[in-house]
Each structure stands twice: as C-alpha cells, then as structure tokens.
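need a 3D model of the following:
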Amino acid sequence: MTQKQTHAFQAEVKQILHLVTHSLYSNKEIFLRELVSNASDACDKLRFEALDHAELFEDTPNLEVRVSFDEAARTVTISDNGIGMSAEEAIAHLGTIAKSGTREFMAKLEGDQKKDANLIGQFGVGFYSGFIVADRITVETRRAGLKAEEGVRWTSEGTGDYEVETVTKAGRGTDVILHLREGEDEFLKTWRLKSVISKYSDHISLPILMRKEEWDAEAAKQVLKDEWESVNKASALWSRSKSEITQEQYDEFYKQISYDTEAPLAHTHNRVEGRSEYTQLLYIPKKAPFDLWNRDKRGGVKLYVKRVFIMDDAEALMPVYLRFVKGVIDSADLPLNVSRELLQESRDVKAIREGSTKRVLGMLESLADSEDAADRAKYADFWKDFGQVLKEGIGEDHQNQERLAKLLRFASTQADEGVSLADYLKRAKEDQEAIYYITADSLSAAKNSPQLEIFRKKGIEVLLLTDRVDEWMLSHLFEFEGKPLQSVAKGAIDLGKLQDEEEKKKAEEAAETFKPLLDRLKEALKARAKDVRVSTRLVDSPACIVVEEGDMSGHLARLLKQAGQAAPTSLPTLEINAEHVLIKKLDGAAQFDDLAQVIFDQAVLAEGGHLEDPAAYVRRVNAMLLG
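Presented below is the predicted three-dimensional model:
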C-alpha cells in the first residue's frame, strides 16, 4: 500500500463517535487516561510476545510512554514503543469494533457523564475518546518486527471515514497525534497534562515521560527543554509498601482496573511468602457489574509474573463464584511464558487460588461479623447484589463450605432479610431439632404458604428461600453446626419434643376416624396424588401439597421447566386438615369427586404451582357456586 486509501467507518463506530463527542464532553480529560492506558497495554503486549521472540525489542529494550504537546501546531501526542500495528491491524482495530460490545455499550449508557466515561475503557473503545478534544486524529504506527518502510499513517476527522497510507517510521510502536479543537488549549499546558496523568495513570508501571519545563527569564515564560522526565511513580502500586499508599490511591487504582465509578467496598493488599511467593491486591466492588450472571466470563484478576503483565482475567486464580472480585496477583514463582493451560495444572497457581479465596472470604467475614453497625450495613448491601453468586460456592467450594454457610443471609418468618444461620439457631426453641426452611417463587408466596401454619402457631422460625439458586444450594448444604436443614414442605412433619403428646394422639385418632374419607380421596385423586393423609402441619387451610423426602420439590420442578429441562415426574401427597369445615363437608357431598379435585387444585395454587387444566377448575368452582 503506497497510495492513500479511504475507508468508511463501520456503522457501530459512527454511533460510538457520535456518543463520545456529544455525551462525554464535560469529562473530557478521560481521553488522556484512555490513550495512555492503550499505550501501556501495547508495551505489555510487546513484552509478552518478546518472551519467545526477543528480536522484537529491536535496539530499544526499554519500554516507555511519552506525552508531548506543540503549542504552535496545537497538537497533543501520546507515543509508545510497544507492539505497534501493521496496516491490516490499523484498519481492524481503529475502523471496526465488536458489534456485541457496541450494543452493550449503548445499552449501559445512563446519561450520567461520569459513569458513561468509564464505560469507554470497559468496552474497548477508548481510542475514540480522543475525538472529545480533537477534530482530527493522526496515528503513525509500525509493528515490531516489520521494516521501517512498512509503517502506517491513519488519519480521520471522526466523521464518516478515515485514510490509511504507508509511511516510513524508524521506531516501532505508535504515535497518536490529536489535533485539538478550538477551545481546548488547556491541554497545551504541562501542568494540566501532568495533573491528569497523576490522577489517572500514576499506577502504571512503565515510565510516562514528558519534556522538562523551566523558567526562561529572558523570554519571561516557561519553556520546554529537550530533556525528558518521568511524571508518574513508574512502579506498580501493589509492589509498594502499604504504608506508602493512601486510600485515595487504592481507590483510584481500583477504578482504573475495573472501570467502576465508585470506590470499592473493601480491599486486601498482602505479600505472601512460603511455598509460593506472590503479592495480591484484591477488591470487592460495591455494586454488581452488568455481566455478573455470565458464568462464562473470565474472572476480574490480572496476572503478573515478577511485575511483567501476563494476562487479563486469569480465571484460574479465583473460583467462579468469586468472579466479581477485581485486582492483581503478581507471582515470583511462575514462569514468564505461563499459558492458560499451565495455569490449570500448576501447584503454585492452586496455592495462590486457595490463598486468595481465603483472603476474600476473610474480607467479607470482617464486614459481616463486625461490631461496627456501619460495616454490617455494608455487608447487607453487598449481600443484596452478590448474595446469589456467593451461594454458588456452597456447591463448588467444599473446602470453604462452612465459612460460606456463615456468610449466607436469608429472609425468615421473623425478618424480611439479613437472617444468618447463626442468628436462626440463637433464636431457635430449646428442643428444636432442625433448621426449617421453605422454597418458593416469591417472598409473599413463601410467607403465605399453608405449610407454615403449625410453625407460626408454635412460634418456630422458618427461613424463606426465594432465589433460583437456593434449591441447587440446598442439594449441597445439609446441616449447620450439627443441625440438619429440613424443608417444611417435604415428608410428614415431626416436630419431636415441640409437639406435645396430646397433639400426637389427636392426629393418630383423626387418621383412624377419617380413614374411609382418605380412601375415597385417594381413589378420586389417584391420577394426581400418590397418597392422601391427615396433616399435622395445617391449622387454617383445608389442604396442602407436600412431596416425600428425596423427591423433587414443586418449586424446583417449575424452575427446571422454565429452563426448558425435563423434571422427574413423581406425584405429590395431599395432606388434609381434619378440623377444617370444608373437609368435614366432603364426606356427605353430592359432588364428591369434583370437590376433591377443587381442594387439590387449590392446594396446588397455594403452593405456587400451576394448574394443568385451569378451565376444568373454573368449571367445577362455577358449578358449585351455582349449585
């Protein structure tokens, strides 16, 4: 390619450019953050590729980013000597972006300029932020390893198209030259550029260089020298002593790596020595990210080896249920050419993963168990956003299951939220032998379930579980501190010492007295119920549906059906309240079979189930109303 070639921007890029230039203007300084970050990434990529191909360093092994400006030309230039781009890469990276990423970017925009600005980096469109302050951008680049005459110049005014041509570029890497719009002269000042770099990019481990400025008495103004100096600390934040780092610096680093607008909920910064030596700087966000429920998304922890960037989102360093954790782990033991496959098998990585998991759980425990009400309130807020994800750990991380169980929070018949298993046991009756719970589609459905009536009468607290993950979690969590977890909707309820002898005797007598009625009901409902028996759990309702121990609950069966999966078919048991007037009327009812079906249907509805033939139910009820 020797001639200039003009290319049209991908339609999605045009949309991004319009949004960037019109929606984010009040937070325009972020362009420098994004372009410096891109330059740093380009250097990281070169360092990684050069592990196997040292010749890519050419004659300049020291990696750096340079920021300069030209008052006369009204340009700001961000340069790096990183990996650079070929002509094909320039067209691919600067003219097109992933369509799915664009749609998500558009969907996440809220009109809050500060929040929207952080989305630029999150969706990989940071380069276009240059058009916030520039009416034209020129990119001169050459990929490491290519000849000097294979350099590329990319130019655009950020409208409908861009031009690409071949140029000679002696040094590898990329220069992004911003031709500033009218009114953007503030970025032609050393102090202004330095302040932005200090605010957003101080943590970058590469030196960010600017030309020195000194006072010229003869000209009576500041002038730039040909000498360059580093304007950032150029040391990885996590490698510095904790005593040297302010909370503000910790928070700003978190915002940079997470693209979050808020400070984190908590962080931990530790140097671990022993069989594996590594440094960890891990953060728990305040709010759930948009992709929290994507279990296939790689984790949020970056891996470094001896301060050399290796990979983003190293999922092997953190279990899936902690995928919301952000941060950095820097190992002193792993090889620089470590691959994702090696990460899965390495003993050192396993030790790092276990140690980091314990640190994160420790952060959560310190909030949850704090004597400070403000910390406990922070944990309550965390649980609202992340609780369902943390529950996944009960089945995935048996090593830490006991610690995770202590962090669980539920609603109950005594509180709408925030009940721990430990709280439950403190309030349990003296002779209570189990931790009782019920699963349902909603909190109101759980609260109003007929199965709770005997527990409410006796003042026994029941946990109300309404998250989709709860049924799966309960298939792995069987007890807590020696007390079994027992569903109030499964099996025949035996309250043990909490049920007095007179109640037991009364239930046995009712079962005998009502045996003929039970037999008739079994016959009428034989296609729908495996058994009909007198209930010990009902007080006010005429009947309820229960399943036997070991059978799948109706709630779980509905969840599987909604997910398009076949649920095992097993008939439920109908329990009747022998004291209820409707049951007493059954014996001599002329429409016995129809009334039996209505009572069964109502029990299904009360349990949150769905009728297979709603029209038949309506027809039967109407017939009874008319009769």
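
how close does the closest residue to Phe131 other than its chain neighbours get to Ser68?
Sequence neighbours aside, Gly158 is the residue nearest to Phe131 in space, at 4.0 Å (criterion: CB to CB, 6 or more residues apart in numbering). Placement of C-beta: from N, CA and C, glycine included. Distance from Gly158 to Ser68, counting by CB to CB, to the nearest Å: 22 Å.

and if you look at Val338?
Plainly put, Val338 is 36 Å away from Ser68 if you go by CB to CB.

and Gly158 and Ser68? Which one has more around it.
Neighbour tally, Gly158 and Ser68, criterion other CB atoms under 10 Å: the higher count belongs to Gly158, 21 against 18.

what about the helices in the stretch 501-627 of the chain?
Assignment of helices within the stretch 501-627 of the chain using DSSP state H, counting those that start in this stretch yields the ranges 501-513, 515-524, 554-562, 581-586, 592-606, 614-626.

what is the burial count for the nearest residue to Ala440 once chain neighbours are set aside?
Distances taken as CB to CB, 6+ apart place Ala446 nearest to Ala440, at 3.7 Å, with adjacent residues excluded. The burial metric for Ala446, expressed as a neighbour count using other CB under 10 Å, is 24.

Ala446: which element?
Taking DSSP states H and E as the definition, one finds Ala446 inside helix 443-447.

who touches that helix?
411, 413, 416, 438-440, 464-466, 608 (CB atoms under 8 Å, 6 or more residues apart in numbering).

dump it to PDB, keeping only the CA atoms.
Output in PDB follows, covering the C-alpha atoms of helix 443-447 (Å, rounded to 0.1, in the frame of the first residue of the first chain):
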ATOM      1  CA  LEU A 443     -41.300 -13.800  49.400                       C
ATOM      2  CA  SER A 444     -45.100 -13.400  49.600                       C
ATOM      3  CA  ALA A 445     -45.700 -16.900  48.300                       C
ATOM      4  CA  ALA A 446     -43.300 -18.300  50.900                       C
ATOM      5  CA  LYS A 447     -44.800 -16.200  53.800                       C
END
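
hang on, Gln256 is in a helix, isn't it?
Yes. Assigned with DSSP: H, G, I helix; E, B strand; the rest coil, Gln256 falls within a helix.

just to check, it is in contact with Tyr200?
Yes. Assessed by CB atoms under 8 Å, Gln256 is found in contact with Tyr200 at 6.7 Å.

next, count neighbours for the nearest residue to Glu64 once chain neighbours are set aside.
Counting by CB to CB, 6+ apart, Pro207 is the residue found nearest to Glu64 once chain neighbours are left out, at 5.0 Å. When counting by other CB under 10 Å, one arrives at 18 neighbours for Pro207.

tell me the contacts of Pro207?
64-65, 230, 232, 234.

looking at those residues, which are in strands?
When the contacts of Pro207 are checked against strands using DSSP state E, the ones located there are 65, 230.

what's the most distant pair in the contacts of Pro207?
Using CB to CB, the two most remote members of these are Glu64 and Asn232, lying 10.8 Å apart.

domain parsing of this structure, as residue ranges.
The chain breaks down into these domains under automatic domain parsing: 5-230, 237-376, 404-497, 499-626.

need those in JSON lines with mean pLDDT and distance to Gln388, can you?
Compiled in JSON lines, the domains of the chain are given as follows (pLDDT from 0 to 100; distance: least, CB to CB, whole Å):
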{"stretch": "domain 5-230", "mean pLDDT": "83", "distance to Gln388": "21"}
{"stretch": "domain 237-376", "mean pLDDT": "86", "distance to Gln388": "9"}
{"stretch": "domain 404-497", "mean pLDDT": "91", "distance to Gln388": "5"}
{"stretch": "domain 499-626", "mean pLDDT": "84", "distance to Gln388": "13"}
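
distance to Trp383 added to these, as CSV?
Formatted as CSV, the entries for these read as follows, by distance: least, CB to CB, whole Å:
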stretch, distance to Trp383
domain 5-230, 23
domain 237-376, 8
domain 404-497, 5
domain 499-626, 22
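
of those domains, which is nearest His398?
The closest approach between His398 and any of the domains of the chain, judged by CB to CB, belongs to domain 404-497 at 7.9 Å.

can you give me the helices in the stretch 1-150 of the chain?
11-23, 30-49, 87-95, 99-108, 113-122.

C-alpha coordinates for stretch 501-512, CSV please?
Taking Å, rounded to 0.1, in the frame of the first residue of the first chain, the C-alpha atoms of stretch 501-512 are listed here in CSV:
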residue,chain,number,x,y,z
GLU,A,501,-48.4,-35.9,73.4
GLU,A,502,-52.0,-34.7,73.2
GLU,A,503,-51.4,-33.3,69.7
LYS,A,504,-49.8,-36.6,68.5
LYS,A,505,-52.6,-38.6,69.9
LYS,A,506,-55.2,-36.4,68.3
ALA,A,507,-53.5,-36.7,64.9
GLU,A,508,-53.4,-40.5,65.2
GLU,A,509,-57.1,-40.6,66.1
ALA,A,510,-58.0,-38.4,63.2
ALA,A,511,-56.1,-40.6,60.8
GLU,A,512,-58.2,-43.6,62.0
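
can you give me the buried ones in it?
507, 510 (16 or more other CB atoms under 10 Å).

now the residue nearest the centre of the chain: which helix or strand?
For the chain, the residue lying nearest the average C-alpha position, counting by CA atoms, centre = their mean, turns out to be Leu292 (2.6 Å). Of the helices and strands defined by DSSP H and E, none includes Leu292.
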